[in-house]
Every structure is written in C-alpha cells, then in structure tokens.
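Engineer: give me the fold of what follows.
(chains A and B)
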Protein chains: 2
Amino acid sequence: MPERLRGFRDFYPEDQEIRREIFDTMRDECRKFGFREVDGPSIESVDLYAHKSGEEIMAQMFNFMDKGGREVTLVPEFTPTLARMVASRKDLIKPLKWYTLAKFWRYEEPQSGRFREFYQLNADILGSDSLHADVEVLNLAGSIMKSLGLGSKVKLKISSRSLLEDIIKYLNIEKKDTLYYLLDRWVKINEKDKENLIGELGISKEKLESIITGKIINELKSSNLDRLMKIMDEFNEYGTIKIELDLKIVRGLAYYTSTVFEIWDLEEKMRAIMGGGRYDNIISQMNGDYTPAVGFGMGDAVVENLLKREGLWYEKDKRRVFISIADDKGRKYSYYVSKMFRENGIITDVNVTERNLGKQIEYAAKMGFKYSIILGEREFSNKNVSIRDLITGEQWSMSLEEAINKLKNS
Amino acid sequence: MPERLRGFRDFYPEDQEIRREIFDTMRDECRKFGFREVDGPSIESVDLYAHKSGEEIMAQMFNFMDKGGREVTLVPEFTPTLARMVASRKDLIKPLKWYTLAKFWRYEEPQSGRFREFYQLNADILGSDSLHADVEVLNLAGSIMKSLGLGSKVKLKISSRSLLEDIIKYLNIEKKDTLYYLLDRWVKINEKDKENLIGELGISKEKLESIITGKIINELKSSNLDRLMKIMDEFNEYGTIKIELDLKIVRGLAYYTSTVFEIWDLEEKMRAIMGGGRYDNIISQMNGDYTPAVGFGMGDAVVENLLKREGLWYEKDKRRVFISIADDKGRKYSYYVSKMFRENGIITDVNVTERNLGKQIEYAAKMGFKYSIILGEREFSNKNVSIRDLITGEQWSMSLEEAINKLKNS
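Structural biologist: Predicted structure coming up:
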C-alpha cells in the first residue's frame, strides 16, 4: 500500500478545521489593512529563481523536466512569482498592497517546524520606497499575531542591510560575507569557530560584540540608522507587538536591500515565525519598471507549534445538530427540515445510512453532537420535530421554528 | 525575462477577489451540510494512482523522480489521497463526510475550461452504501450551484454503472468497452464511426437509441434502476436544481461502481461543471476496511466560464476608505485612526508614500475609493477627522465616531 511521502502532511478534520480558522484570520487581517488577494502558479520555470533567490533555496528546489522538455520547479517561495506578475503588467496603479496564502515546497530535511510542503502567507507593498510602507507591512504582521492570540508571546526583531553596510565601512571590515555568516549563525556556532571568524574580520572581539548587542549604533551617524529608528517609533505608535533592533538579523535571501525583520517567540526557542524585508531591485531586474518593494512571508508550521505550546490549539467542530430518521415519512420530512436548518445557518448533519434509530442516536452521541432531531411519521403528521439532548437523554417536541431558535442560540 | 508556463494562470486582485468569494461559498455550503474539511499533500507516490485512476489520468500526470530517487507526481485528482487517508486510520467513526478545496495538475492541452493547473472542490461520504448518501452529496452539489446564482442555469445528469451492466446483460452485449466508448463520445463522433461501432456491438440501431434516449428503462426490471429512481425522487424532494437520467454519462475514471453523475449548463455547450459517483472498492483495495463511498469533484474553470456567460462575474473590491496624510502630526494620528477603523471592521487603506496631499487624493480617486479621510495637524489638535467625498469633491469635519458610523453604513 503506497504511503504518504516523507516531509508531507495529511490534515484530518480535527486539525484542518483550526487551520482553516487560522488562515481565515490571516486573510481577514490582510483585507482590513486594504491588502488585496492575488494567486500564482505552483510551478514556474527554473530560470525565474536563478539570480533572485539565495543559494540555499536553489539547492532545495523540487525541480524537474516536464513532458515538454522545460526545466521547471515547484515554487519554493512567492517573491519571484510576484515580481514576474508585477513586471509583466505596465497598467497597474502603484503602490500595490497584495497578499497571497499558498503552498510552497523545499526539498530539505524534515524537522520540527519545517516540512517539504508548507503553507505561507505573503504580504507585500510594491511601488513605494517610503519607510511608511515598511511600517504598514510590519503593523499587519503584528496585527495577525494579536488576532491569533499570540500578541504577548512574540517579538519583532529588525535590522537593516544598508545600516550594516554603514557599519562595515565605519569599521573598515573587508570580509563582508564572513560578517554576514557570523551574525546569521551567532547562536549556533561554537566559541572556537567564532574566534577564528572574528580573526578573519580583522576587528576586535569588543567591536564585534558591539554589533551583536547593537551598542555600535551609539557611536554611528547614519541616515540608514535614522530610518530604522523612525520605523521602530512608528511601529510602536500603531502598537501591536514588541519590537527590538537586532543586527544579527541578516536573512539568507539574496534580494533584500535594506530593512530586514523576523518575528520570534519571546524565548527564541523556536524558528522564526515570519521573515521579510525590503527588496527594491527585483522587479526592474525582470525588465519591469523600477518598483521598490517590502513584504514578508509567514509559514504555517511554526505558528502551529507556538499555538500548541501556548495551549491555543483546539478542535473546532462547528456541527450543531444531527437529524435521526425513524421511518420513510421521516426521511421525506428530513429533506424539508434539513433545508430549513441550513438556510438558517445551522450546520446540520443527517443520517445517510440504513441504521435503525437507536444506532443513529448512538452514532450522533459518539460524534459529540449535543442534540439530535428525530423525525418520523408522528413528527411529519404533527408538523413538528422531536429534539433529544444527547448528554442528558431528555427529549421534547417543538415546532420547527422553536427548534431553529434553540439550535441557533445553543 | 522568464514567463509564466503554458496552461498556468496568474490571478490579479480583480479576478482573485471574486474567486475567493466563490471558494468561500463552496466551503460554507459544505460546512452547512455537516461536511468537515481535510487537506492532503500535493505530491504523492506514482504507485498511488497505478490501479485506481483511469488510463487518461495516468497519461496526463506531472510525474518526476525526486531528489531521493522516488517516482512521484503532482496530484491529478483527490480520490486516491482520500482513500489513502481513510485506509491508514482504523479509528475513524464512519460514515465520514469530508471535503477539500485544493489544486490539482494534469499535463494536457490547455483549452477553454481546461488548464494544466486548476482548483477543485471534492466532497465525499465514506462508509455508507445507502442511497441516502448519494442523495446527500447531490443535494450539496445542487445547493452550491444555487448559492453561486447558477441554480436555474444548470442540470444534474445521472446514471448508474450497475444499471448499465443490467442493460448489457438484458441486450446480450458482449463488447462492453465499445458501448462505454460509444456512450461517452456520442455527441462527438461522426455518423460513420457510430454506424461501425453499433455494428460491433451486435445490437440494432433502435436498441442503441433506446439506451441513448433512456427509453430502455421502460422495458427493464432492475433493482439498480429502482435505486436510481429513488435517488432522483429524493433529490427532487430536497429541491435544488433540475435532474435527468442520462445513460450516456459513464465517467472515464476506472473506480466508479454504480451511481455516476455530472452537472452541465442547460444548453450543454460547456464542459461538465462537476462529476462524480459511487466508488465502493478503492479503500479496501488499499488494505483499508471495506468502506463504500460516494462523492464529486467540481473544478474552478467551467464555473468561472458559466458565471461570466451569465453576467455574474463582478469585481469585488471591498476597500472602504483611504486615509490621506497632510503632515507629520497627521501621520502620527493616522496610526490611531486606522487602527480604530480596522477594529471596527472597516477595510482601511492608508497612504504609504511620500506623495503630497493632492497626489494622495488623486491616487485614492483613481483607485475607485468613494471616501478619503484627511488627517493633519488641525485634525490631530481637534481630535476629529476630515472626510472627503471623492466623487462630489465635498468635504466635512466629523468626530472619529461619526466617521466610523458613516463608513460602516456606506
């Protein structure tokens, strides 16, 4: 019997229904902020990623040759598709505020919070180089965290690649890549490797520590620093989640140009929940008009882990009533009753088996329904319904209208 | 510059927002019927399809060898994944009513209503062999059509493979495959090919025509016919869309065992909007417990074409207000005002550029906003807002509370 592939997930109702609520919450927040939804293909030409995505992503692509001999890949991230979509339409009035919630694929080793197939929300503002665009996407991300009940459990960490360039110049660091590597892996690499790498940089350990702690900004004059401080101030003015400057945030992706940011759980025990930044050059690189842009991606897996850790992962079965059927007249009547219930917004299940009444009620109780409506010849003749409380075992007759009111308010 | 692949689609907001409404409508109807959502991988082992899917689907798969040397494929349909999910969980209480709305891929020639990548809603009842399960999935499909405004534009065509077996026996037809082929292609093949194929069957043209027109059922006694008639009666009892018996409906997929059905536009000018049937053996073939099942798939492309033909395809921009910013004090104040608007459910866009006030208002008008809120030092000091009607050019001052009420009711 063929099994599910490694790194892929099946979602049964007990998990999928809460996932749907999370996705709906994300979409609702995007909408409230005036972001508009877009959607793109799950397969793109490999060329689309060649010069835009980082090496890490290139190595992890699910690429293959299609039946027409094209080198294609399952999409590993959204930004290149987004850039292609914007570059190919010259009529779009900018700035654009767009979001999408879609699946992406990366062939990497499955581990906690990381799968080969995952969902990711992407929200971007395209066509504004203003810092207010940076603030707006960050306010959206913070609002999503709040709406998910995670507002006090997470923090936004922010930095700027152009600020880092200023620091590199200020400290006369020649090996820029080594610095990036060191910052990115700071919590992961051992002391000896650190010493060696610091040696390569040609700066003192104290100077490096002033970058790590962020204290370096007190000795620096830089318009890029002023910009970052203004973003942080305005983010606090709107007020969603904590924010802190962290020069260790560099983001692996090749295309970021200035602001970069991530959201982490307060204890930094998990992976980043969200990551993004400003990428001003991709769209013009694709022969589009110059379109500075800023945005983020937020995956499903770490959000799920954090919600579980915080005890916020519940089953969300919304079914309200199960209709049990006593006889043929009851079956006929059930079509009228179930239609009325559903038209009144009551989530209504109905017996679709040949089981006897006792078995039907047993099934409804086992499935966790609070109420079962019972319909037979008597109810059909009296134009009413019997309703049974499956927890107490009590049973009453009432009019259809009364039943609708009772179920709506239960 | 890399282009989008052939047979794939980009969805910009003007189309994606109505698509989202259609998907939400489909999900809402599934939920109201007590179906619960599931989700599966987009990549499966090729083996999963080997004996279950028809030859046509096998030939159209996007299959490839992954980096671990596994023969995998992008999923061409949902049923094999669903069967795998049910077979691998012995603890599930049946019957199950499950739905999913996901992407699928087939490498075929793109044409009207058919793409290489498409969305499809699948809804299935698993674990009941009762005809009432068939009726329930059909009622759901009919209700979705009604909710999309297509109730009077479409019809359900229904047949039964086991009834067709009875007819084959009754008429002593030996070449069953030829009959299936002839029924399936009846409207497409030319008269000469028809004559030849009828010759092969060894029955008279009149007899074949009595199958095509359905008149054959008047001379036949068959429990499978009685079952089909009962399904049609109960479907009419619930009452959603037109239904008709059509013995030409055979469905290409290999796994259907009795009931088969499709929804078509009344004129039958498009492709099938939905297709499905009863498949009682797949899950036991995958070493699961015997689980008779019935369900359907409904793609996005033909629904879209029909909505467009019927003039039901509108742009669904839900943005209500654009906040223009006159100065720094106005920017600061905008964070408070936009947050209040959004917390009150008003979809609020805000200037994220360095444009002057005139340009901001010009942009808001071009984007089709009816109102712009204007915030500056004066509004900040007075703790009120200015609101401008972008159509008439009128402008008033009002309290934030008044503005919220006005925008909520506009």
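Engineer: phi first, then psi, for the nearest residue to A:Ser399 once chain neighbours are set aside.
Structural biologist: Distances taken as Cβ to Cβ, 6 or more residues apart in numbering or on different chains place A:Asn384 nearest to A:Ser399, at 5.4 Å, with adjacent residues excluded. C-betas here are computed from N, CA, C, even on glycine. The phi/psi pair for A:Asn384 (degrees, to the nearest 10) reads phi -130, psi -170.
Engineer: report the contact partners of A:Asn384.
Structural biologist: Shown in contact with A:Asn384 (Cβ atoms under 8 Å, 6 or more residues apart in numbering or on different chains): A:397-400.
Engineer: what's the answer for A:Val46, then?
Structural biologist: With Cβ under 8 Å, 6+ apart, A:Val46 has these contacts: A:61, A:63, A:71-73.
Engineer: A:Asn287 too?
Structural biologist: Shown in contact with A:Asn287 (Cβ under 8 Å, 6+ apart): A:87, B:1.
Engineer: tell me the one among the contacts of A:Asn384 nearest to chain B.
Structural biologist: Taking Cβ to the nearest Cβ as the measure, A:Leu400 is the one of the contacts of A:Asn384 closest to chain B, at 15.8 Å.
Engineer: who in the stretch 201-350 of chain A is up against chain B?
Structural biologist: When proximity is defined as Cβ under 8 Å from any Cβ of the partner chain, the stretch 201-350 of chain A approaches chain B at A:234, A:237-239, A:286-287, A:317-319, A:322, A:331-332, A:335, A:338-339, A:342, A:345-350.
Engineer: and the residues you listed, which of them are buried?
Structural biologist: A:234, A:237-238, A:286, A:317, A:319, A:322, A:331-332, A:335, A:338-339, A:342, A:346-350 (16 or more other Cβ atoms under 10 Å in any protein chain shown).
Engineer: confidence score at A:Asp177?
Structural biologist: pLDDT, A:Asp177: 89.
Engineer: look up how far A:Ile168 lies from it.
Structural biologist: A:Asp177 sits 11 Å away from A:Ile168 when distances are taken as Cβ to Cβ, to the nearest Å.
Engineer: A:Arg278 contacts A:Val294, correct?
Structural biologist: Yes. With contacts counted by Cβ atoms under 8 Å, A:Arg278 reaches A:Val294, the gap being 4.3 Å.
Engineer: the more surrounded of those two?
Structural biologist: A:Val294 (30 against 25; other Cβ atoms under 10 Å in any protein chain shown).
Engineer: what bridges to that one?
Structural biologist: A:Ile125, A:Arg278 (DSSP bridges).
Engineer: from A:Ala123, how far out is it?
Structural biologist: 10 Å.
Engineer: now, which of the contacts of A:Val46 sits nearest chain B?
Structural biologist: A:Val72 (6.5 Å).
Engineer: packing partners of the strand or helix carrying that closest one?
Structural biologist: For A:Val72, the enclosing helix or strand under DSSP states H and E is strand A:71-74. Judged by 3 or more Cβ pairs under 8 Å, 6 or more residues apart in numbering or on different chains; DSSP states H and E, strand A:71-74 is in contact with strand A:43-45, strand A:63-65.
Engineer: direction included, what does the first one pair against?
Structural biologist: Looking at strand A:43-45 with DSSP bridges, its paired strands and their directions are strand A:71-74 (antiparallel).
Engineer: buried ones in the strand it pairs with?
Structural biologist: For strand A:71-74, by 16+ other Cβ under 10 Å, it's A:72-74.
Engineer: show the residue spans covered by the strands in the stretch 51-200 of chain A.
Structural biologist: A:63-65, A:71-74, A:96-105, A:117-126, A:154-160 (DSSP state E, counting those that start in this stretch).
Engineer: A:Asp47 - how many residues pack around it?
Structural biologist: So A:Asp47, with other Cβ under 10 Å, has 15 neighbours.
Engineer: enumerate every residue touching the residue nearest to it when sequence neighbours are not counted.
Structural biologist: Nearest non-adjacent residue to A:Asp47, counting by Cβ to Cβ, 6+ apart: B:Pro2, 4.2 Å away. B:Pro2 sits next to A:44-45, A:47-48, A:84, A:286 when contact means Cβ under 8 Å, 6+ apart.
Engineer: so does the helix or strand containing A:Lys406 get close to chain B?
Structural biologist: Under the criterion of DSSP H and E, A:Lys406 resides in helix A:400-408. No. Applying Cβ under 8 Å from any Cβ, one finds helix A:400-408 separated from chain B by no less than 12.5 Å.
Engineer: what's in contact with that helix?
Structural biologist: Residues outside helix A:400-408 that contact it (Cβ under 8 Å, 6+ apart) are A:320-321, A:337, A:340-341, A:344-346, A:371, A:373, A:383-385, A:387, A:398.
Engineer: what about the residue of the stretch 251-400 of chain A found nearest chain B, which helix or strand?
Structural biologist: The nearest approach of the stretch 251-400 of chain A to chain B comes at A:Asp349, 3.1 Å away (Cβ to the nearest Cβ). In the assignment (DSSP H and E), A:Asp349 maps to strand A:348-350.
Engineer: ditto for A:Lys269
Structural biologist: With DSSP H and E as criterion, A:Lys269 is part of no helix or strand.
Engineer: report how many residues lie close to it.
Structural biologist: Applying other Cβ under 10 Å, we find 10 other residues in the vicinity of A:Lys269.
Engineer: same check on A:Glu267?
Structural biologist: A:Glu267 has 9 neighbours, counted by other Cβ under 10 Å.
Engineer: which SSE is it in?
Structural biologist: A:Glu267 belongs to no helix or strand, assigned by DSSP H and E.
Engineer: state the distance from it to A:Phe380.
Structural biologist: Using Cβ to Cβ, we find A:Glu267 at a distance of 61 Å from A:Phe380.
Engineer: grab the nearest non-local neighbour of A:Val303.
Structural biologist: A:Ile273 (5.9 Å).
Engineer: list the contacts for that neighbour?
Structural biologist: A:145, A:154, A:262-265, A:298-299, A:302-303, A:306.
Engineer: does the closest residue to A:Arg251 other than its chain neighbours count as helix, strand or coil?
Structural biologist: Distances taken as Cβ to Cβ, 6+ apart put A:Val260 closest to A:Arg251, at 4.5 Å, once the chain neighbours are dropped. Under DSSP: H, G, I helix; E, B strand; the rest coil, the three-state class of A:Val260 is strand.
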